[in-house]
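Asker: I'd like to go over a predicted model; first the sequence, then the structure.
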Amino acid sequence: MSHPSTTNTTYWQQVRIAVSGTSAIKILRELPFILIINVICTVLVTYVMRHSSSLLENWVFSNCIGFCCYILIRTARILIWPNQNPKTLAFYLTCIVLAPIGFFCGTLLAAFLYGYPVQNVLAMQWRYVQGFVILSGVVSTVAAWSLWNRIRITELTAAAEAEKARSAAIERQAMQAQLQVLQAQIEPHMLFNTLANLQGLIALDPERAQHMLAQLITYLRATLSASRAKSTTLQNEFSLLRAYLDLLAIRMGKRLQYQLDLPAELAQMSIPPMLLQPLAENAIKHGLEPKLEGGSLHISAARHADKLELRVADTGLGLAFDYAERSTNAADGHGLGNNNIRERLQAIFGPQAAFSLGPNTPDGTVAIITLPLSTQTPEKL
């Protein structure tokens, strides 16, 4: 059983939270609606109920009564239901009960503003009390219903925004997990081959083996940083590519020639991490390495209007004639890596990004990624 003082403390904490949530901006947003309701009441009192006072005086009385009802209803909502939405029927009954009180308080306030004797005003209003109370009750109920709907719409919108933010966070986590899976698919093949080469070089050429080990450490450090980042710059991506290609050049020797072209004005462009490395690996593994004399690899970035174009072109064996069919069910990493890139681009950029793979001239393969030109990557990243 909870202690009464603890219950009271919790209740007033809830009330304090509810009051703090009732910001001036929220009240100002409701102000035009209340004024419109008060104008309607003024017209009804003046031209339908035929009240003898002037239009201006009726407008002042309507505003005083209307705002008194509004303040009472909002206060009651905070005090009775501080931490939850009230039941519809209970809320309407509260409005009906508070309407006569708001009418009485508003009448006294208007009489005070005009300097009228209170007893005279009340005596005059008493002749119309039934109509005024009914009007106040109906108007308060209608206004409460409208405000109720506005509050519910606001709450539902806020809930939808929160759900959207939660979905975006989950999507970002999924993209990060996908990147880590992609790295897990990429790194073992290259790592085992490099370590096997290191084992042979240590006895034959220790100096070259030491250089290869230094390049491996540089590459692994760069990939570790990329795996922890939501985005990277083209400069960092090209640095990672250089470390990777330097490492492979030690193993392949003159069979691998490469060129990296990154214009200075594009160096700080943000892109998803590890976007080009899988393409470079595919080009070497499936194009250059199987070719007896090897070949060259050219990786470049260029701006075309409002698009960023990234190209990975090799002079290797080229695409197989049945590549499109084989890539759908590929288990060797070629189609898998390309499919991963397509899925990442679709998830991050949607239809604004494109990926294509085709024959290079005069021989080999060229992969082209097209991204929207921006200094920032999307929030999904």
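Answerer: Nice, thanks for sending it over.
Asker: okay, CA-based contacts and neighbour counts for the rest of this
Answerer: Fine.
Asker: For the top strand by length along the chain, which residues meet the burial criterion?
Answerer: For the chain, the strand that runs over the most residues, judged by DSSP state E, is strand 295-304. Going by neighbour count (16 or more other C-alpha atoms under 10 Å), the buried part of strand 295-304 is G295, S296, L297, H298, I299, S300, A301, A302, R303.
Asker: these two touch, right, the last one and M269?
Answerer: The one in question is R303. No - using C-alpha atoms under 8 Å, R303 is not in contact with M269; the gap is 10.8 Å.
Asker: before we move on, the earlier item: hey, C-alpha coordinates of the helix or strand following the longest strand of the chain in PDB?
Answerer: Next helix or strand after strand 295-304 toward the C-terminus (DSSP states H and E): strand 307-314. What follows is strand 307-314, C-alpha atoms only, in PDB (Å, rounded to 0.1, in the frame of the first residue of the first chain):
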ATOM      1  CA  LYS A 307      25.500  14.700 -59.400                       C
ATOM      2  CA  LEU A 308      28.600  13.100 -58.100                       C
ATOM      3  CA  GLU A 309      30.000  10.300 -60.300                       C
ATOM      4  CA  LEU A 310      32.400   7.700 -58.900                       C
ATOM      5  CA  ARG A 311      34.000   5.300 -61.500                       C
ATOM      6  CA  VAL A 312      36.000   2.100 -60.900                       C
ATOM      7  CA  ALA A 313      37.400   1.000 -64.300                       C
ATOM      8  CA  ASP A 314      39.700  -1.900 -64.900                       C
END
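Asker: For strand 307-314, which helices and strands make contact with it?
Answerer: strand 295-304, strand 365-372 (3 or more C-alpha pairs under 8 Å, 6 or more residues apart in numbering; DSSP states H and E).
Asker: For those, give me CSV that also has distance to A320.
Answerer: Putting the helices and strands packed on strand 307-314 into CSV (distance: least, C-alpha to C-alpha, whole Å) gives the following:
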stretch, distance to A320
strand 295-304, 17
strand 365-372, 10
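Asker: Let me have the ones you listed in a markdown table, adding mean pLDDT and distance to E155 as columns.
Answerer: Shown next, in a markdown table, are these (pLDDT from 0 to 100; distance: least, C-alpha to C-alpha, whole Å):
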| stretch | mean pLDDT | distance to E155 |
| --- | --- | --- |
| strand 295-304 | 95 | 44 |
| strand 365-372 | 94 | 35 |
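Asker: just to revisit the earlier point, which residues make contact with the longest strand of the chain from outside it?
Answerer: The contact list for strand 295-304 (C-alpha atoms under 8 Å, 6 or more residues apart in numbering) reads 255-263, 266, 280, 283, 288, 308-316, 373.
Asker: And the buried ones among those residues, selectable in PyMOL?
Answerer: In PyMOL syntax, the buried subset of the contacts of strand 295-304 is picked out as below (16+ other C-alpha under 10 Å):
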select buried, resi 255+256+257+262+266+280+283+288+308+309+310+311+312+313+314+315+316+373
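Asker: residues touching the closest residue to P362 other than its chain neighbours, list them.
Answerer: Using C-alpha to C-alpha, 6 or more residues apart in numbering and skipping residues adjacent in sequence, the residue nearest P362 is T315, 7.8 Å away. Each residue near T315 by C-alpha under 8 Å, 6+ apart is listed here: G287, L288, G295, S296, L297, N360, P362, D363, G364, T365.
Asker: could you redo those as JSON lines and give each row distance to G66?
Answerer: Formatted as JSON lines, these follow (distance: C-alpha to C-alpha, whole Å):
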{"residue": "G287", "distance to G66": "80"}
{"residue": "L288", "distance to G66": "82"}
{"residue": "G295", "distance to G66": "84"}
{"residue": "S296", "distance to G66": "81"}
{"residue": "L297", "distance to G66": "77"}
{"residue": "N360", "distance to G66": "77"}
{"residue": "P362", "distance to G66": "82"}
{"residue": "D363", "distance to G66": "82"}
{"residue": "G364", "distance to G66": "79"}
{"residue": "T365", "distance to G66": "76"}
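Asker: Out of those, which is nearest to I101?
Answerer: When these are compared for distance to I101 (C-alpha to C-alpha), T365 wins out at 82.6 Å.
Asker: Was I right to think the closest one contacts L357?
Answerer: Yes - counting by C-alpha under 8 Å, a contact exists between T365 and L357, whose distance comes to 7.2 Å.
Asker: who has more neighbours, those two?
Answerer: Taking other C-alpha atoms under 10 Å, T365 and L357 do not tie; T365 has more neighbours (22 against 16).
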